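Colleague: Could you look at this predicted model? Sequence included:
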Amino acid sequence: MFNQKLIILIVVGAFITQISEAAPKQSEIEWPKFNASDSDGNELVEYRIGWLPKAKYQEALDLMAEYMYRENPFVVAFDWGDDADVLNNHLSGWSAHLDKGISVACFKNSSDELIGVNILYIEELNQDYVDPEKPVTYPKDIPSKFRNLMKLTHELHTVQRFNVFEKYGVKRYLSSDGLVVRPEYRHRGIASQLLGVRKMICAKYNLKLTSTVFTSDASNALAVKMGYELDTFKMYADIFSKLPEQYNVNMTEKPEMFSRRSIKFFN
């Protein structure tokens, strides 16, 4: 029988991608520190960016599950916020990327509370790379309901698996499996700082560029502000128009664009 959980995993976008098995030994990076208001909006405090310690991995997963997962447009549309199977698929992918040891985090200097996290990994060209334009094939016994979802999967796949390697002439690049900041600390430039350190990380690991899928209006606007080049995109209106009507009832405000963007730091 056709595995419905597999469809759920693919459609939501929790892909576990091929990543570097042996990251280079980490050396010291001159991490940024910056001042911004505290969570109450009054006192000015100092924040710092740095590697995410292993002792903080579970807290990072909890933060991703509580906010990034529940704010995912497809989780909202499919009403999967409390679906343990879908969430566990996401947690599995995030854990695999965290174990590579190159994710970054934001802390307050006066506290070890995790304010924000950006899960990072190195994606490499390999023989298993799938052409996003390859025609979709369906199992013979797939119900029509899930056939529609697989068509949607293909729409997302062209963005998720855009051939960054070919466009930029690289064999490795820095990518991300999600960036999240606690709601009470948003609008303080923390996401910008987390994105900004990617240049230093690319320099450290001898990578020329970073490339990421951006799923919200806020993240797309931030990417534009920071100079990311638009590689490919899908408009959410077009994506959701392909959904069966019953899967579209929970989206009161649809974001505009599901995009892949890259920025090349070094030639």
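Modeller: Received the coordinates, thanks.
Colleague: which residues in the stretch 1-150 of the chain form strands?
Modeller: Shown for the stretch 1-150 of the chain, the strands assigned by DSSP state E, counting those that start in this stretch span residues 33-37, 44-51, 104-108, 114-124.
Colleague: what about the first one, average pLDDT?
Modeller: Think strand 33-37. This predicted structure assigns strand 33-37 an average pLDDT of 96.
Colleague: cool, and the third one?
Modeller: Looking at strand 104-108 alone, the average pLDDT works out to 97.
Colleague: next one: stretch 233-252
Modeller: 71.
Colleague: what stretches of the stretch 101-250 of the chain score poorly on pLDDT?
Modeller: The model of the stretch 101-250 of the chain has pLDDT under 70 over residues 127-153, 243-250.
Colleague: quick one: the helices in it?
Modeller: Counting by DSSP state H, counting those that start in this stretch, the stretch 101-250 of the chain has helices at residues 144-160, 164-168, 190-196, 198-204, 217-225, 236-241.
Colleague: for those helices, which one sits closest to residue 115?
Modeller: helix 190-196 (6.3 Å; CB to CB). All C-beta spots, glycine's among them, are computed from the backbone N, C-alpha and C.
Colleague: what residues are up against the nearest residue to residue 210 once chain neighbours are set aside?
Modeller: Of all residues beyond its chain neighbours, the one nearest residue 210 is residue 174 (4.1 Å), with distances taken as CB to CB, 6 or more residues apart in numbering. Contacts of residue 174 were listed using CB atoms under 8 Å, 6 or more residues apart in numbering, and they are 120, 121, 122, 123, 198, 201, 202, 205, 207, 209, 210, 211.
Colleague: And for the first one, the neighbour number?
Modeller: By that I understand residue 120. By other CB atoms under 10 Å, the residues close to residue 120 number 28.
Colleague: for it, what are its contacts?
Modeller: Under the criterion of CB under 8 Å, 6+ apart, the contact partners of residue 120 comprise 97, 100, 102, 103, 104, 174, 175, 176, 177, 198, 201.
Colleague: Isn't the last one up against residue 102?
Modeller: Yep, that's residue 201 we're talking about. Yes. Because the distance of 6.6 Å satisfies CB atoms under 8 Å, residue 201 is recorded as touching residue 102.
Colleague: Counting neighbours, what do you get for the closest residue to residue 183 other than its chain neighbours?
Modeller: The spatial neighbour of residue 183 that comes closest, neighbours along the chain excluded (CB to CB, 6+ apart), is residue 67 at 6.7 Å. Residues within reach of residue 67, counting by other CB under 10 Å, total 17.
Colleague: how close does the nearest residue to residue 235 once chain neighbours are set aside get to residue 234?
Modeller: Once its chain neighbours are removed from consideration, residue 235 has its nearest residue in residue 257; the separation is 6.0 Å (CB to CB, 6+ apart). To residue 234, residue 257 is 7 Å away according to CB to CB, to the nearest Å.
Colleague: cool, and residue 163?
Modeller: Distance of residue 163 to residue 234, computed by CB to CB: 16 Å.
Colleague: Give me the buried stretch members for stretch 32-41, please.
Modeller: Of the residues in stretch 32-41, 34, 39 count as buried by neighbour count, 16 or more other CB atoms under 10 Å.
Colleague: now do the same end-to-end measure for it.
Modeller: 21 Å (CA to CA, to the nearest Å).
Colleague: Give me the residues contacting it.
Modeller: Stretch 32-41 is contacted by residues 43-49, 108-109, 182, 184-185, 188-190, 193, 196-197 when judged by CB under 8 Å, 6+ apart.
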